[in-house]
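**Student:** Sequence first, predicted coordinates after that:
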Amino acid sequence: MLEVVRATKWLPLFLFLGSVCVAVSGCRPLPQKNTLEELAPVIFWSIDEGTGGKLKISTMVPPLIQEPKKLLTLQVDLLEQGTKGFNLRYDREWKLGQLRILLISESLARKGIGSIINTLMTNPEISQRLFLAVVKGDFDRYVGSQLKEQSQLDYALYRMFKHYERKNQGELTIVNLHQFMKKVYSRYSDPVLPIFQADEADFVYEGSAFFKRDRLVANTDKSKDQMFQLLSNRHVLKLFPIPRYYTTIGQLRSKVRWKLSRDHSELSVTVALRGRIQEYRGARNLYKRSELGALKKEIQSWLEQQTRALLESMQREGVDPLQIGDLTLRPASKPIDREEWLQEWRKMRLNVRIDLNIQPLTKVSGEF
Amino acid sequence: MTPFSIFRRTTDYGGLYAMLLVNRLQMVYFALVIPAYLVQPYMIWAIFAAGVLSQLNLWLLSKWFASRYPEQGRGGFVNLFGGTTLRFLAAIGLVALTVKIIVITLGYTDIIQQFIFPTMNRTWLILFPAALACFIAMHGMESLIRFVVIAFLCTFWILILFLYFWFAGHGSIRDLYPILPPSWSAGDWNSLLLLFSSLSGPEYLVCLAPWLNPRRHPLKYMSIGNTMTILEYLVLFATAVIFYGPRYLSTIRFPVVDMTRYFQSPIFERIDIFVVPIHMIYFIYALSLFLLLFFGGVRIVANRANRPPVRTAFLVCCAIVTAAIACADEWSWESKVRLNIWQDLQIGLGAAGYAVVPLLLVVAIRRKGRA
Amino acid sequence: MTIVYVITLIDSERLNEAVLEPLSTIGSEREDTNGQEPGSWVRSVSVTLSPFTLQSEANGRLMQGSVLIYDGETGIWRSCKLENPLGRAIESSETETILLGPKDSFSEQIDENMTLIRRRLPVMKLKAEKFLVGTLSRTTVVLMYLEGITNPDLVNVAKAKLSKIDYDMFLDSSHVAAFMEDHNASLFPQFMQSDRPDSCVNSLNMGKLVILVDNTPFALIAPITFFNLFQSPEDYINRWIVASSLRCLRYFSYFLSFTLIPLYVALCTYHYQMIPLQILYVLLESRSRLPLSPFWEAMAMLMTLEIIKEASLRMPSKTSQTLGVIGGIVIGQASVEAGFASKVLIVLAGISAIASFLSPNYVLSKSSLIVHMTFLMLASWLGVPGMVLGMVALLAHLNGLTSLNRPYLAPVAPFLGKDWIDLFIRGPLKAMRQRPSYLLPLYKWRYSQRRKPS
């Protein structure tokens, strides 16, 4: 044992001295350092169509809180060219390692964003949790007008996405890079992204945008989006205002059961909803059981209609953001083609049922 | 000059070490890329099949461990094969070992380069692990065998992280359909070979026999090790399928490492930068073990096994291996879409070695017993 | 009659009482008792006298505090041991302080120390073997162990090493340890020093050896493992769940003490993408005005910290408090305001400094500076992968160490599952029914085999 010891006893010392020499002399085998103070981590990128088939990329600088911020915009042919271009224009080096949000303009999304997403996806520096969103209108103008009022706009946006990303928050569709890519490559289903409307004063959530592979084809309006939230993975809505019936349903949770017939000709969907009436401004007397029942029935049939309309619009566009196609998979049979599935999906009969269970916040009695 | 005794033996190490060695040697490198080649969910059965084949080999190996030869060390082999044949076999083994060292080192170098240091000079990336492995190997075979416990404890918990994906709502059971193969193609056979090859490694325990003494229940411990490996493969593969889905999975080069990019902890947002180097712990462990075996093999081939080992000779051996890795990297390590020539070579050699070594030993024992 | 002694080495009062007075009484009675046989005075002195003949023996005894008496009538030299009992009383330990539990500690007198141990282990099995080391210091070293429990191989190795020692001066037990350790060039102590009799007795009971050295209050305990360095005597006094969590905290804080600042350097130099966005803003803000790179900033703060630590050790205790205030608050605060260091780093430096105080072993916490610096360099050089490489090298080094030929990382490597009950956790005493198996004790059960506890 002692001999082994002698063989190795000086090695730690040599290693130590060696690393001292190398560290002090500055002879580092690493050419690339990311020294924090020399970097400008990009928090968000907004990509728009430029003139002549170019891309228009903009972002905010500087990353510091206490310095006044400004918006930088570049027109480039390639996405990474933008990084380089910004580098040449700014004293710090742009780094994509902290890229959190990617905003894509609607017109670009309609042409297909596969190449852009692929570029980001293959860059190991960029987190797979990068949030994606589609923006209608001019986002740059919104940023330009907000710079003075809200200096930490980029961070605030990120916090918003982060907040709604968590489970059981409901309200917004939030999709990150990985989820988007998984859907793009999936056998039948298609990706979804949130879509926002931007103008000089506001940045408003519009609904969910449906993609066919990497191309934007349709989007929901605000009210249909609520139904989409309940049908898709989130299954929760904090508030569901239904102005038509002067009602707001709160803390709405859904349980969805899909059933596809053997020959793929009919799809039954049963949605069990559970919530409470948070607000009612209509003429009915909700203390009465019969009146409450009537309201429930009205809302129920309206919801059924909404759901059916939503699903039919998906059928029309030939997209499947709800992963209905996966229902055709069986443990031991060969999966059908995507094309075949789309054919079937377009022609499929729909059978929608809503089981609404809403509680008023007051006590209800038989008669009043 | 004090004698240099890396091959000194003072105590026996029991079955537990055989178990951990089997497990860690099977997890080296290929385990990290394999989901990208299996892709289809029904390949889960291929993992089981490869596991059963591997179990068969371990059964043969345990026959040998139960015999009287292993405790005699090199003498046992000389008894079985005769000196000249042993030198010939050792020479073949050296070639296989070198290929294995080259493939795992360069494989990990690829991973480090892709995920952490994209612009770093590859030679440095080869040099650091090699130097560290040499340092560890200098402590001698005994402490190296003990070190497997630490290598195991430092790395096995990574698997638990992946279970996160099962509960995070990233997929459903339908992602694993079709679980039964609707058809079986030639590519699937290749994947099976790849799996079997990546399960190779335990055959090197033969060389550790004088220290490792699972005499009482050799099969039991090695089987546990093998089962642990199969479970790890299954978890990694099933997680990858659920996380990516088959079509997306086939486009990814290092799926296991790529999945770790998705992890997020409250303190550090990207724990892949921890996890990737931590994978390196058992890689470096395996490398140092292989360096010692390489040295031992060279001594047998050069007919110097009876003399005490010389430190300079060992360092020269390490330098030769490192140079070989660097040369292979410089001239013939191209990242192709699938596997490159070295990896193909390693798949063949690894599978062949794992299949042949236990068989050869058992046959030799039988022949000797009859004679 | 001739009496020879060195006045500074002997107890002159006892010399008067036990030798001179009886002798003078004999002298005055001599006239009456004529015809007594020569040498009969020996019976009248109240100390035991041992005869000797050699000159060299005379020198040795004289220098060890004996009084030499020459009887001219019979021509025989005799000596009696009357050494000066100069020494301090038994006080409470200052190096290993605990709140509850026995308060006594060893002193410089080896006999007293042995008494403290023997009182706690009143069994015949407790053996003590005496060695004399040091050609000039002639230091007594006592090797204690429990016969029938301690593995004889350990005893033999220790005996062989003790008897091989060839050096002139031994002033502290660490000097003896330096000649007995297997790995001299390691940062990590392979012998534990302790001045607490209770922890020595506990170690003896586990099957370890205790080596007492004369003129130092610190006994050596061996063989030890790396994990023993994190075990405090108080662990066995606290409730076991509390003790276990505190022990885990100690391991964690030791790990933290040398990785925290390197991690900061690694993140600021290479892996900016790991930092959460909120913290990144803070870091960017504070780092963007600093003149030094993260590595040099950390290095400077670390050196300052070590200087303060070292200075406060060398100062009288009242001054060192002031020093702590000046060092901690003034320098820390001022360097941030002057723009030499970032606030984040100051916080981290504070945490890692406090974390380094948590390990109960002083030698270990002193050595962590070098480990810390090495990690710092690796971090600035290779980032997190560099730190992992360093960690592997550190573990490999620890794994290669031995203490009296027993592996240093036992019971982790080699893996001994039964010993894990007193490793990262401190199991309930009732459950600790066996002695640690890495020590290969001859008798492993800690409870009586005849009466099974019901």
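**Tutor:** The structure has been received and is ready for your questions.
**Student:** Alpha carbons of stretch A:72-90, in CSV - could you do that?
**Tutor:** Output of stretch A:72-90 as CSV, limited to C-alpha atoms (Å, rounded to 0.1, in the frame of the first residue of the first chain):
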residue,chain,number,x,y,z
LEU,A,72,-32.8,47.9,-31.8
THR,A,73,-34.1,46.6,-35.2
LEU,A,74,-32.2,44.9,-38.0
GLN,A,75,-33.1,43.6,-41.4
VAL,A,76,-31.4,40.3,-42.2
ASP,A,77,-31.5,37.3,-44.5
LEU,A,78,-30.6,34.8,-41.8
LEU,A,79,-31.6,34.7,-38.2
GLU,A,80,-28.1,34.3,-36.8
GLN,A,81,-27.0,37.1,-39.0
GLY,A,82,-29.1,39.2,-36.7
THR,A,83,-27.0,38.2,-33.7
LYS,A,84,-23.9,39.1,-35.6
GLY,A,85,-25.4,42.4,-36.8
PHE,A,86,-26.5,43.4,-33.3
ASN,A,87,-23.0,42.6,-32.1
LEU,A,88,-21.5,45.0,-34.5
ARG,A,89,-23.9,47.7,-33.4
TYR,A,90,-23.6,47.4,-29.7
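**Student:** ok, the residue nearest to residue A:285 when sequence neighbours are not counted to chain C distance?
**Tutor:** Computed as Cβ to Cβ, 6 or more residues apart in numbering or on different chains, the closest residue to residue A:285 that is not its neighbour in sequence is residue A:291, at 5.1 Å. Where you see a C-beta, it was placed from the backbone N, CA and C, and this is true even at glycine. Residue A:291 is 50 Å from chain C, where distance means Cβ to the nearest Cβ, to the nearest Å.
**Student:** helix or strand for residue A:291, which one?
**Tutor:** Secondary structure from DSSP states H and E places residue A:291 in helix A:289-317.
**Student:** which element follows that helix toward the C-terminus?
**Tutor:** helix A:338-347.
**Student:** buried set for that next one?
**Tutor:** By 16 or more other Cβ atoms under 10 Å in any protein chain shown, the buried positions in helix A:338-347 come out as A:341, A:342, A:344, A:345.
**Student:** picking up where we left off before, what packs against the helix holding residue A:291?
**Tutor:** strand A:203-212, strand A:215-219, helix A:222-231, strand A:247-260, strand A:266-280, helix A:338-347, strand A:349-360 (3 or more Cβ pairs under 8 Å, 6 or more residues apart in numbering or on different chains; DSSP states H and E).
**Student:** pLDDT averaged over that helix - what is it?
**Tutor:** Confidence for helix A:289-317, expressed as mean pLDDT, is 91.
**Student:** helix/strand/coil for the spatially most central residue of chain C?
**Tutor:** With distances taken as Cα atoms, centre = their mean, residue C:193 lies nearest the centre of chain C, 1.1 Å away. Three-state call for residue C:193 (DSSP: H, G, I helix; E, B strand; the rest coil): strand.
**Student:** Just confirm it contacts residue C:220, I think it does.
**Tutor:** Yes. Counting by Cβ atoms under 8 Å, residue C:193 does reach residue C:220; the two are 6.2 Å apart.
**Student:** Which positions in the stretch 151-300 of chain C make contact with chain B?
**Tutor:** C:271, C:273, C:274, C:275, C:276, C:277 (Cβ under 8 Å from any Cβ of the partner chain).
**Student:** If we check chain A, which of those are in contact?
**Tutor:** Restricting those to those touching chain A (Cβ under 8 Å from any Cβ) yields C:271, C:273, C:275, C:277.
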